[in-house]
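S.K.: sequence unavailable; structure follows:
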């Protein structure tokens, strides 16, 4: 093989240096977006979704105020259809709930559907507020104080930026009426730029003035077709 001429050697060196720079840039990741703008845009985008799938997991101290340990289902705000795991006397029970037409329905352990009164909903868990366009999680995002960018993380195969901040306890209480309406709680969002939320967590003394708890939401199937109707009673 013939030797490279001087000009060819210089060109090869330039190409090698360029490739090294590209590799270093890729390793460092892209520039983080402005966290405040990212949260505002995501709040508006998620509040405008027609439907989505969600899971919710509760960890830490809940006491008797928060019987729910986990939930999974589909939302077409303001309607929702989910399976919910409740803690009752140290035993986990799974129930099915539907929110449709402004009413909440619960599938009893015997298999029949029954409408719940407002008082009964308050005793269990008011799922209607979670994704309410005015007071729900996505709306509350816009009120996040001190948003700060974090690291890039993969959530369900999606490259996201983490944004941390604080939510006033009254805003958390609005979307989760069983939560304490006091102080501030920590919020973390996993957002795929420019405005897609794949995960969110709220943590703090949510259900007790002295003990910590965390609620984590995961989202998928954004804007997939969902039909939710009142169930047959009986």
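M.R.: Here it is on my side, so go on. Please read all numbers here as calculations on a predicted model, not as lab measurements.
S.K.: can you give me the neighbour number for residue 233?
M.R.: Neighbour count of residue 233, defined by other Cβ atoms under 10 Å: 9. In this view, the C-beta of every residue, glycine as well, is placed from N, C-alpha and C.
S.K.: contacts for stretch 159-170 next, please.
M.R.: 32-33, 35, 38-39, 140, 143-154, 179-193, 198-199, 202, 204 (Cβ atoms under 8 Å, 6 or more residues apart in numbering).
S.K.: low-confidence bits of the protein, can you list those?
M.R.: Where the chain drops to pLDDT under 70, the residues are 1-30.
S.K.: follow-up on the earlier one: inside helices: which ones of the contacts of stretch 159-170?
M.R.: Counted as lying in helices by DSSP state H, out of the contacts of stretch 159-170, are 35, 38-39, 140.
S.K.: okay, those in a markdown table with neighbour count next?
M.R.: Compiled in a markdown table, the ones in helices among the contacts of stretch 159-170 are given as follows (neighbours: other Cβ atoms under 10 Å):
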| residue | neighbour count |
| --- | --- |
| 35 | 21 |
| 38 | 21 |
| 39 | 23 |
| 140 | 23 |
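S.K.: closest one of the residues you listed to residue 93?
M.R.: Among the ones in helices among the contacts of stretch 159-170, residue 140 lies closest to residue 93 (Cβ to Cβ), at 28.9 Å.
S.K.: before we move on, back to that, pull out the buried residues from the contacts of stretch 159-170.
M.R.: 32-33, 35, 38-39, 140, 143-144, 147, 149, 179-180, 184-185, 187-192, 198-199, 202, 204 (16 or more other Cβ atoms under 10 Å).
S.K.: of the ones in helices among the contacts of stretch 159-170, just say which sits nearest to residue 76.
M.R.: Comparing the ones in helices among the contacts of stretch 159-170 against residue 76 with Cβ to Cβ places residue 140 closest, at 19.7 Å.
S.K.: I'd assumed residue 173 was in contact with the closest one.
M.R.: No - between residue 140 and residue 173 there is no contact under Cβ atoms under 8 Å: 10.2 Å.
S.K.: can you show me the helices along the protein?
M.R.: 6-28, 35-47, 118-124, 137-141, 169-175.
S.K.: contacts for the second one?
M.R.: In this case it means helix 35-47. The contact list for helix 35-47 (Cβ under 8 Å, 6+ apart) reads 133, 136, 138-139, 141-142, 144, 147-149, 161, 163, 165, 189, 191, 193-197, 219.
S.K.: now with 6 Å, please.
M.R.: Under the contact criterion Cβ atoms under 6 Å, 6 or more residues apart in numbering, helix 35-47 has outside partners 133, 138, 141-142, 144, 147-149, 163, 191, 194-195, 197.
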